[in-house]
Structures are given as structure tokens and as C-alpha cells.
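S.K.: show me how the following folds:
(one chain, ligands or ions: 1)
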Amino acid sequence: MSQPIIEIKDLALSYGPGRAVLNNVQLSLERNAVTAIIGASGSGKSSLLRCLNRLVELTPKVRITGDILFEGESIFGARIDPTVLRQRIGMVFQKPNPFPMSIFENVAYGLRLLGEKSPRVLQEKVEQALIAAALWDEVRDRLDVQAAVLSGGQQQRLVIARAIAVEPEVLLLDEPASSLDPISTLRIEELIYRLKQNFTIVVVTHNMQQAARVSDWAAFMHDGTIVEYDNTTTLFTNPREVRTEDYITGRFG
Ligand SMILES: Nc1ncnc2c1ncn2[C@@H]1O[C@H](COP(=O)(O)OP(=O)(O)OP(=O)(O)O)[C@@H](O)[C@H]1O
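M.R.: Below you'll find the predicted structure:
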């Protein structure tokens, strides 16, 4: 792996005394690649993802030790503004969460927050983001309608467009297709595959076939630790650990 974009070093997290959720997590994420995090429910996948853009710190009583380097610099450093970090490391959640506003305004939202006022620039960037999110052709004639009228799969692509409009370097996807039908799921998978040309992607998924299809690297988590981390083909075809094999063959989880 070339110089990783993110390095997680000895990360531990608890949600309060006696509620340790992550332990001794070490992981290096490759730039412009898709890394899948797999593991049973409650193994700490979402918590780990939410550490990467410091979203987890909004949970009361959370305690984090260890470090996460982003482009070689600690994300916990005094110079880091979490809001700026969250713009550089965008996130999309399991359930599509468009804002109660028009399709256009959803995508323009982050750009406006960053101070963009030019209607021409906003128009251009919204269009680019919608094209990149493979939604443009379906919405180009109705950018002014409420986002809520879109289907679930379209809403998820809209939320991805909103996330990429502000040009993040990393995209965190937490079960991005689990609430979608098979066709919408396929579209999201194709989208993930295409987006890695421009972004580094970390995707949490319960769906093993999906992880095998979309990712370059895969990390198997169990009980708050990374049991095994390897390129996806090796992890799925020739795992080193019995626990990984048991999980990917459906013997537990
Ligand atoms: N805000 C919170 N406060 C307290 N405990 C939490 C919080 N969020 C998660 N947990 C606990 O941390 C553990 C790991 O949860 P997490 O959501 O990270 O796992 P997960 O692997 O993503 O699970 P799933 O696949 O079900 O989403 C669980 O025991 C969960 O109950």
C-alpha cells in the first residue's frame, strides 16, 4: 500500500465506564480505494466509522484513546476544527436523510455553508455533484421539487451528491444500501465503484456479497477489534483466522 490517507493507531473507545466498544484498533486506509468494514451487529463498525470524522464525540460520556492520522496529521490535534474535518471526511448514513427542502437546495446546502453565493457556481457544482452521484438524468427537470418526493434509492444518491458537492477527500458510508431494494442497491454499488476514482471510501456493510463486490480492502471486526484486514479477495477466499472464516461462511453473526 502506498502512503495511507488515514492511519488508525491503537484506537480505543468507550461510551462510559464499563462500556468499552473499541479496543486496540489499528488500520491503514488506502487512498482512492474502497475499504469495507464487516462484522456482526454490535462489533463496533459504526462506532469506528464515526471516530474517523469525530462525529462520535457528539455522544455524551464518550472516551477515546489512541490516535487517527489523516494525511499524516492527528485529527485530534489542536489545529483541527471538527467542522472542517467533517467537510473533508463526509458521511452518508443507512437511512437516506434528505433535508426538507428542494433537490437543488439539498445539494447546494454545504456549498452555501462554506460561503458560496454565486448562482452560477452553485448551479455548476450542484449539477456536477448530481452527475457524479448518477442522479442528474432523473432529476434535471425538477430540481425545484421537494427531495421527499424522490424514491428511497434516489434519496440515497441525493444524499451522496450532497456529501460530495463540498469535495471531501474521504467518504464514509454506513450501510448505505441496507434500506434499499435490490435495483437501488446495485446502483449504489456501481456508484461506489465509480466514486473511488476521486475519493477514498470506507463502507460499513452487513452484506458480505456487497463487501466482496465493491471493496479493495476488507476489515473483519469482532467485539471491538480488527480480527483480520487484507485485500478483499484474500480475506474472502483465503482468510487467515478461523473467526473470519466462520463469519464469512455464515457460521456466526
Ligand atoms: N451512543 C451510544 N451510547 C452507548 N452505547 C452505544 C452507542 N452507540 C453504540 N453503542 C454500543 O456500542 C456497541 C457497538 O455499536 P456499533 O453501532 O458501533 O456496532 P455495529 O457493529 O455498527 O453494529 P450494527 O451492525 O448493529 O450497526 C454496541 O454494543 C452498542 O450498543
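S.K.: could you pull out the strands for this structure?
M.R.: Ranges of strands within the chain are 6-14, 20-29, 34-39, 63-70, 73-74, 89-92, 170-174, 200-204, 217-222, 225-231, based on DSSP state E.
S.K.: what's the residue nearest in space to the middle of the chain in contact with, if anything?
M.R.: For the chain, the residue nearest the mean C-alpha position is residue 172 (1.4 Å; C-alpha atoms, centre = their mean). Counting by C-beta atoms under 8 Å, 6 or more residues apart in numbering, residue 172 touches 49, 50, 52, 53, 89, 90, 91, 92, 201, 202, 203. Heads up, the C-betas are built off the backbone N, CA and C, glycines and all.
S.K.: who does it form a beta bridge with?
M.R.: residue 91, residue 202 (DSSP bridges).
S.K.: now do the helices in the protein.
M.R.: 45-52, 82-88, 103-113, 119-132, 136-139, 152-165, 182-195, 208-214, 232-237, 242-248 (DSSP state H).
S.K.: mind listing what's buried in the shortest one?
M.R.: Residues of helix 136-139 classed as buried under the neighbour-count rule (16 or more other C-beta atoms under 10 Å) are 136, 138, 139.
S.K.: pretty sure the last one sits against residue 130.
M.R.: Yep, that's residue 139 we're talking about. Yes. If you go by C-beta atoms under 8 Å, residue 139 and residue 130 touch, sitting 6.5 Å apart.
S.K.: overlap in contacts, those two.
M.R.: residue 158.
S.K.: number of residues surrounding residue 193?
M.R.: Neighbourhood size, residue 193 [other C-beta atoms under 10 Å]: 14.
S.K.: scratch that, residue 130
M.R.: Neighbours of residue 130 using other C-beta under 10 Å come to 27.
S.K.: gap between it and residue 143?
M.R.: Noted for residue 130: a distance of 8 Å to residue 143, by C-beta to C-beta, to the nearest Å.
S.K.: and of the strands of the chain, who's closest to the ligand?
M.R.: In this view, those are compared for proximity to the ligand by C-beta to the nearest ligand atom, and strand 20-29 is the closest at 4.1 Å.
S.K.: report whether the closest one contacts the ligand.
M.R.: Yes. Judged by C-beta under 6 Å from any ligand atom, strand 20-29 and the ligand are in contact via residue 21.
S.K.: then stretch 33-53?
M.R.: Yes. With C-beta under 6 Å from any ligand atom as the measure, stretch 33-53 is seen reaching the ligand through 39, 41, 42, 43, 44, 45, 46, 47.
S.K.: pLDDT, distance to residue 156 and neighbour count for those residues - can I get that in a markdown table?
M.R.: Formatted as a markdown table, the residues of stretch 33-53 next to the ligand follow (pLDDT from 0 to 100; distance: C-beta to C-beta, whole Å; neighbours: other C-beta atoms under 10 Å):
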| residue | pLDDT | distance to residue 156 | neighbour count |
| --- | --- | --- | --- |
| 39 | 95 | 22 | 25 |
| 41 | 94 | 21 | 8 |
| 42 | 94 | 24 | 14 |
| 43 | 96 | 24 | 23 |
| 44 | 97 | 24 | 23 |
| 45 | 97 | 19 | 26 |
| 46 | 97 | 17 | 20 |
| 47 | 97 | 22 | 24 |
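S.K.: next, format those as JSON lines and append distance to residue 212.
M.R.: Formatted as JSON lines, the residues of stretch 33-53 next to the ligand follow (distance: C-beta to C-beta, whole Å):
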{"residue": "39", "distance to residue 212": "15"}
{"residue": "41", "distance to residue 212": "19"}
{"residue": "42", "distance to residue 212": "22"}
{"residue": "43", "distance to residue 212": "18"}
{"residue": "44", "distance to residue 212": "21"}
{"residue": "45", "distance to residue 212": "16"}
{"residue": "46", "distance to residue 212": "20"}
{"residue": "47", "distance to residue 212": "23"}
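S.K.: with just CA atoms, put the helix or strand of the chain with the lowest mean pLDDT into CSV.
M.R.: Within the chain, confidence by mean pLDDT, DSSP states H and E is lowest for helix 182-195 among all helices and strands, at a mean of 91. The C-alpha coordinates for helix 182-195 follow below in CSV (Å, rounded to 0.1, in the frame of the first residue of the first chain):
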residue,chain,number,x,y,z
PRO,A,182,-32.0,-4.7,-5.0
ILE,A,183,-32.0,-2.5,-8.0
SER,A,184,-31.3,0.7,-6.0
THR,A,185,-28.6,-1.3,-4.1
LEU,A,186,-27.0,-2.2,-7.3
ARG,A,187,-26.9,1.4,-8.4
ILE,A,188,-25.3,2.4,-5.1
GLU,A,189,-22.7,-0.3,-5.6
GLU,A,190,-21.9,0.9,-9.1
LEU,A,191,-21.7,4.4,-7.7
ILE,A,192,-19.3,3.4,-5.0
TYR,A,193,-17.1,1.7,-7.6
ARG,A,194,-17.0,4.8,-9.8
LEU,A,195,-16.5,7.3,-6.9
